[in-house]
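*Asks:* Give me the fold of what follows.
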Amino acid sequence: MIAPNTLCPPSPAPDPVELLDLVDRALAGIAPRLPAHVDRDDLASAGREALVHATLRFDGPTTEARAFCFVRVRGAMLDELRRLDPLARRRRERVRAVSRIEHELTHTLGRSPLTVEIAEALDFSTAEVRAAQADLAAEEAGTPVLDENLADPESPCPADYAERGDLLSKLYAALRRLPDRQAHAVRRYHIEDATLDVIGSELGVSRERARQLRTAGENRLRDDLEVLSLWDALIA
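*Replies:* From the prediction side, this is the model:
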């Protein structure tokens, strides 16, 4: 039986105040890829809340606390973006629909359509039409209320765009650590959609050798990105 005084005491919970810089780091990585309508303060608030929850849940070695918390802070920010995006998209879609039908009815009727006529044509409420018209008027007056003059509703979700941009940054950084020929094969095949025949021609090797170089690079890159996902710029 182990004597009580020989038991290792549990590690103290991380202090969220001491880890607040992780919120700034996560936001700095996401913010450059965000559209103008996204409120950075909302993301920071979601990150701080996630940080508090993460410190309460963490029970590993103290040296791993920053990595654990960073992953959850950044994940909370991306979740917040995904939560907000459908609202912004529906708003943009409404404005586009109102603008389109207003032009169509003007041409058909020979006059500016009434709000109720636009609402009936779109199966919207009159309040929805008025709100969309107010957004459109603000845009035309040079006071943008939506992202970049009513950005395409089919454009990528801001969270996906930020996440993809961050992954590409990590990917290019990891590629620079590969041998040149492996890096070339991986980059051309996965990022630039070149065929193995083209890659082999560029490297002066056979198609099979190009495939081997690509596979070797993928294996090294996979290991590298697994480490990066937890430790990239976290342990300072």
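*Asks:* Quick one: the helices in this protein, in order.
*Replies:* Assigned by DSSP state H, the chain shows helices spanning 21-30, 40-57, 65-109, 115-122, 126-140, 158-175, 180-186, 196-203, 207-231.
*Asks:* Identify whichever of the ones you listed lies nearest to residue 13.
*Replies:* Across these, residue 13 has its closest neighbour in helix 40-57 (5.6 Å, Cβ to Cβ). The way it works is simple: take the backbone N, C-alpha and C, and place the C-beta from them, glycine included.
*Asks:* quick one: contacts of the closest one?
*Replies:* If you take Cβ atoms under 8 Å, 6 or more residues apart in numbering as the criterion, helix 40-57 is touched by 13-16, 19-20, 22-24, 26-27, 30-31, 34, 65, 68-69, 72-77, 79-81, 84.
*Asks:* could you flag which of those residues are buried?
*Replies:* 14, 16, 19, 22-23, 26-27, 30, 34, 65, 68-69, 72-77, 80-81, 84 (16 or more other Cβ atoms under 10 Å).
*Asks:* Distance check, the nearest residue to residue 46 once chain neighbours are set aside against residue 26.
*Replies:* The shortest distance from residue 46 to any non-neighbouring residue, by Cβ to Cβ, 6 or more residues apart in numbering, is to residue 80 (4.0 Å). Counting by Cβ to Cβ, to the nearest Å, the gap from residue 80 to residue 26 is 11 Å.
*Asks:* what do you get for residue 43?
*Replies:* On the measure of Cβ to Cβ, residue 43 and residue 26 end up 8 Å apart.
*Asks:* Overlap of the contact sets of the two?
*Replies:* Common neighbours of residue 43 and residue 26, counting by Cβ under 8 Å, 6+ apart, are residue 77.
*Asks:* contacting residues around the residue nearest to residue 46?
*Replies:* By Cβ under 8 Å, 6+ apart, the contact list for residue 80 reads 42-43, 46.
*Asks:* Most neighbours out of these, which is it?
*Replies:* Greatest neighbour count in the contacts of residue 80, by other Cβ atoms under 10 Å, goes to residue 43: 26 neighbours.
*Asks:* Name the nearest residue to it, sequence neighbours excluded.
*Replies:* Nearest one to residue 43, counting by Cβ to Cβ, 6+ apart, is residue 77 at 4.6 Å.
*Asks:* domains for this structure, by residue range?
*Replies:* Annotated domains of the chain cover 12-85, 86-140, 176-231 [automatic domain parsing].
*Asks:* okay, these in a markdown table with mean pLDDT next?
*Replies:* Listed next are these as a markdown table, based on pLDDT from 0 to 100:
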| stretch | mean pLDDT |
| --- | --- |
| domain 12-85 | 83 |
| domain 86-140 | 85 |
| domain 176-231 | 83 |
